[in-house]
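> would you be able to build a 3D model of this:
(2 chains)
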2 protein chains.
Amino acid sequence: MPVLVMKFGGTSVATLDRIRRAAKKVGVEVAKGYDVIVIVSAMSGKTNELVGWVNETSKFYDAREYDAVVSSGENVTAGLMALTLQEMDVPARSWQGWQVPLKTNSAHSQARIEEIPTDNINAKFAEGMKVAVVAGFQGVSPEGRITTLGRGGSDTTAVAFAAAFGAERCDIYTDVDGVYTTDPRVSNKARKLDKIAFEEMLELASLGAKVLQTRSVELAMRFGVRLRVVSSFEEQSDDAGTLVCAEEDIMENRPVSGIAFSREEAKMTLISVADRPGIAAAIFGPLAEGGINVDMIIQNIAEEGRTDMTFSCPVDQVARAEKALNDAKARGEINFHDLVADTDVAKVSAVGIGMRSQSGVAARMFKTLSDEGINIKVIATSEIKISVLIDRKYMELAVQALHDAFELDKV
Amino acid sequence: MPVLVMKFGGTSVATLDRIRRAAKKVGVEVAKGYDVIVIVSAMSGKTNELVGWVNETSKFYDAREYDAVVSSGENVTAGLMALTLQEMDVPARSWQGWQVPLKTNSAHSQARIEEIPTDNINAKFAEGMKVAVVAGFQGVSPEGRITTLGRGGSDTTAVAFAAAFGAERCDIYTDVDGVYTTDPRVSNKARKLDKIAFEEMLELASLGAKVLQTRSVELAMRFGVRLRVVSSFEEQSDDAGTLVCAEEDIMENRPVSGIAFSREEAKMTLISVADRPGIAAAIFGPLAEGGINVDMIIQNIAEEGRTDMTFSCPVDQVARAEKALNDAKARGEINFHDLVADTDVAKVSAVGIGMRSQSGVAARMFKTLSDEGINIKVIATSEIKISVLIDRKYMELAVQALHDAFELDKV
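All right, here's what the predicted structure looks like:
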């Protein structure tokens, strides 16, 4: 039998009624002849409640106990989903992570999947079971302790199961009906994409379009899992939602597929750094140790032997970044005249695999922003992405103008 | 190191504050030099919520999924308790049932403990861990699925751990401060007992004094575990609460230790049953199959070849009992003239290991009731118990009169 993986997020299993609605969608796929692996999240709000209790109990908590506590929400949903399916006469049973066993490393609360043996579940499929309901987000370490995969880890669980079982497709049921050319709350011309390439999805996800956990997309790309984002709350159809797939599977060849943005950015500039070999490592080492997520990095030669170094990071990490850099200066590891933080910036990015083969994308982007009177503060590019930092107040305007300029509203 | 088992029920871990209070009590015992095994229930209300969801999802549910769902509450408390102890600098970690592993049979939702290997936990004690926090009420079946031990199963978990680890004592922390001579709500002269024999506790528990799960007392008796019932909400002391122990450990030798009662009883009489060998089996077989909890049984020879058969059962099982007996009559398995149900009776019992060696207890009981003008409808006795059925309206009066007659208010 072909295998299908279906993942239901927290809002899709938030109540017994919604679990029933999700189970009906599973029943439809079983009727088509699939053996289905269902991955469930905790009922929405439950994981936050558990995380809250852990934080209130212990400020610097033992991540092993954190995992033991916060993984319990998924176990509840898995059992309830199995019961609901049985009630609909669909042969089903639940699996907790350790029962599969979904083997991970020991990096508690951020564990990586190492192996998913398929024999237990396949033996049950062979006996006539139609649906294996698996608690998402959790696994078991080599020491036999419960691990969790980090926020959004149920997406990664789903993709890993799809890879392990050679599933025909991995459907991620969520509260949005697909991936859009940009956030519809910012541009009312935003259009749902039928298909998007893995690489584009990765850029969009890491740029703040929080539809899928980044690692789940990486994993899907590595193992060639066809990943579909689809709404739990709309009519079921094989064509619904957005298919995240390999570049070859996408016919249309636009230069830009989407406009992503990130509102809470900060731009930090180290002015007149004494330049020498290894200076970048001396600067970014302490920042990494301080847990600062440095994003864009630009270096300008200011004068002989000295340089300006600019980088961006999330706004709420500015204080920590300043401390890390000033401490490094105090230790004599780096030398700079001044450290200037601009906390009123946002990042806007054009993303598209088409820009690999089509020139002039950057030029069109810069001209569009210029025509709107928007000053570009920092530019960074990759093969399939052009990002700029601009004043935050122009963010919506920039997104809308770029969406128009690249004609993303047109099919 | 000597091992102590401490069990905290749902009300004792109902909030993070209460978990902290319980953890402090654990810390006190660690400071005395004990290695402590803490057994925790789910936060009060959590298990009921989970059971409610299962019942709402599925009327005739798969008990394996029921167990997977309802066991999750204890996992949360175990992790939070371990974190709280760590926060107090007490080395602790949590264990879920399958991690110990606490091995049970496959009787889901009513599983029996078969084995508790001690090596995992003892290895951690040897490494310097001071407290093993174990999720109560749950285990793992030979098939690797989660089982639960039935309501109150955390008491049984605690006693089983005490037996397996040769614990010095098993302290059951709860919301009452011990076992009383009778229910203080019925007699304000009720007195807390310092000690009570296992056998007495068994009679009291099965008679409706719901301090400890019956199976936990049976297990404690079988393995000679010193079991103490103590309040979570009072000063900590080695002498607090009630010690449930072997008869030999009890010095005082009263004839009666306590007056138990059960309000919701019914008395059923089969009138003029055709008597023949095997007639009792023919009557009580169908009742057992119908799930009726038959308690007292009395047979009177009424006339030549015919007999009256009387038994008691819980009031809410009367309709089922009538159906079972009338069905058996229709099938020709038994023959009786009439079936009379008296649903306005209560059971009152005097319990005491002392009555084994002291005569006149029954006589004093009957005279006391007679002096109060209370008519006895059925009498049943065991070695350490005398039970009577009386009109329900006299129940409180009977309990108070017997409590006085056996001077249970006096130390």
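> hey, let's count contacts and neighbours off CA atoms from now on
OK.
> any idea which helix or strand in chain A has the lowest mean pLDDT?
Within chain A, no helix or strand scores below strand A:297-303, which has a mean of 77 by mean pLDDT, DSSP states H and E.
> that one packs against which elements?
If you count contacts as 3 or more C-alpha pairs under 8 Å, 6 or more residues apart in numbering or on different chains; DSSP states H and E, strand A:297-303 packs onto strand A:306-314, strand A:378-382.
> chain B: which of these is closest?
Chain B lies closest, by C-alpha to the nearest C-alpha, to one member of the helices and strands packed on strand A:297-303: strand A:306-314, at 30.6 Å.
> off-centre distance for that closest one?
Remark: strand A:306-314 is offset 26 Å from the chain centroid, using C-alpha atoms, centre = their mean, to the nearest Å.
> most tightly surrounded among the helices and strands packed on strand A:297-303?
strand A:306-314 (a mean of 20; mean count of other C-alpha atoms under 10 Å in any protein chain shown).
> sorry, back to before: quick one: the least confident helix or strand of chain A to chain centroid distance?
That offset, for strand A:297-303, works out to 31 Å (C-alpha atoms, centre = their mean).
> do stretch A:115-127 as well
29 Å.
> likewise stretch A:392-399?
23 Å.
> show residues contacting it.
The contact list for stretch A:392-399, computed with C-alpha atoms under 8 Å, 6 or more residues apart in numbering or on different chains, reads A:182, A:186-187, A:259-261, A:263, A:344-348, A:369, A:372, A:374.
> from these, which is closest to chain B?
Using C-alpha to the nearest C-alpha, those come closest to chain B at A:Arg263, 35.9 Å.
> and for that closest one, the neighbour number?
The number of residues packed near A:Arg263 is 19, by other C-alpha atoms under 10 Å in any protein chain shown.
> make JSON lines out of the helices and strands packed on strand A:297-303 and add distance to B:Val28.
Below are these laid out as JSON lines (distance: least, C-alpha to C-alpha, whole Å):
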{"stretch": "strand A:306-314", "distance to B:Val28": "46"}
{"stretch": "strand A:378-382", "distance to B:Val28": "60"}
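> looking at these, which is closest to B:Pro2?
strand A:306-314 (52.9 Å; C-alpha to C-alpha).
> quick one: mean pLDDT over the closest one.
The pLDDT scores in strand A:306-314 average 90.
> for that strand, packing partners?
Using 3+ C-alpha pairs under 8 Å, 6+ apart, strand A:306-314 is in contact with strand A:258-274, strand A:297-303.
> just say which of the ones you listed is most tucked in.
Scoring the helices and strands packed on strand A:306-314 by mean count of other C-alpha under 10 Å, the most buried comes out as strand A:258-274, with a mean of 22.
> could you give the average pLDDT over that strand?
Rounded mean pLDDT across strand A:258-274 is 92.
> would you give the sheet partners of it, along with the direction of each?
strand A:306-314 (antiparallel), strand A:336-351 (antiparallel) (DSSP bridges).
> could these go into CSV alongside distance to A:Ser216?
Formatted as CSV, those follow (distance: least, C-alpha to C-alpha, whole Å):
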stretch, distance to A:Ser216
strand A:306-314, 23
strand A:336-351, 19
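> if we can go back for a sec, alpha carbons of the least confident helix or strand of chain A, as PDB, please.
Coordinates of the C-alpha atoms in strand A:297-303 are reproduced here as PDB (Å, rounded to 0.1, in the frame of the first residue of the first chain):
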ATOM      1  CA  ILE A 297      27.300  41.300   7.700                       C
ATOM      2  CA  ILE A 298      28.900  44.100   5.800                       C
ATOM      3  CA  GLN A 299      32.400  45.300   6.000                       C
ATOM      4  CA  ASN A 300      33.600  48.700   4.600                       C
ATOM      5  CA  ILE A 301      37.100  50.000   4.400                       C
ATOM      6  CA  ALA A 302      36.900  53.300   6.100                       C
ATOM      7  CA  GLU A 303      40.500  54.400   6.100                       C
END
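> run the chain-centre distance for stretch A:157-168.
Distance of stretch A:157-168 from its chain centroid, counting by C-alpha atoms, centre = their mean, is 18 Å.
> list the buried residues for that stretch?
A:Thr157, A:Ala158, A:Val159, A:Ala160, A:Phe161, A:Ala162, A:Ala163, A:Phe165, A:Gly166, A:Ala167, A:Glu168 (16 or more other C-alpha atoms under 10 Å in any protein chain shown).
> isn't A:Ala324 right next to A:Leu287, touching?
Yes. If you go by C-alpha atoms under 8 Å, A:Ala324 and A:Leu287 touch, sitting 6.0 Å apart.
> number of nearby residues for the residue in the stretch 201-350 of chain A that chain B sits nearest to?
Nearest to chain B, among the residues of the stretch 201-350 of chain A, is A:Ser232, at 19.4 Å (C-alpha to the nearest C-alpha). Neighbours of A:Ser232 under the rule other C-alpha under 10 Å: 22.
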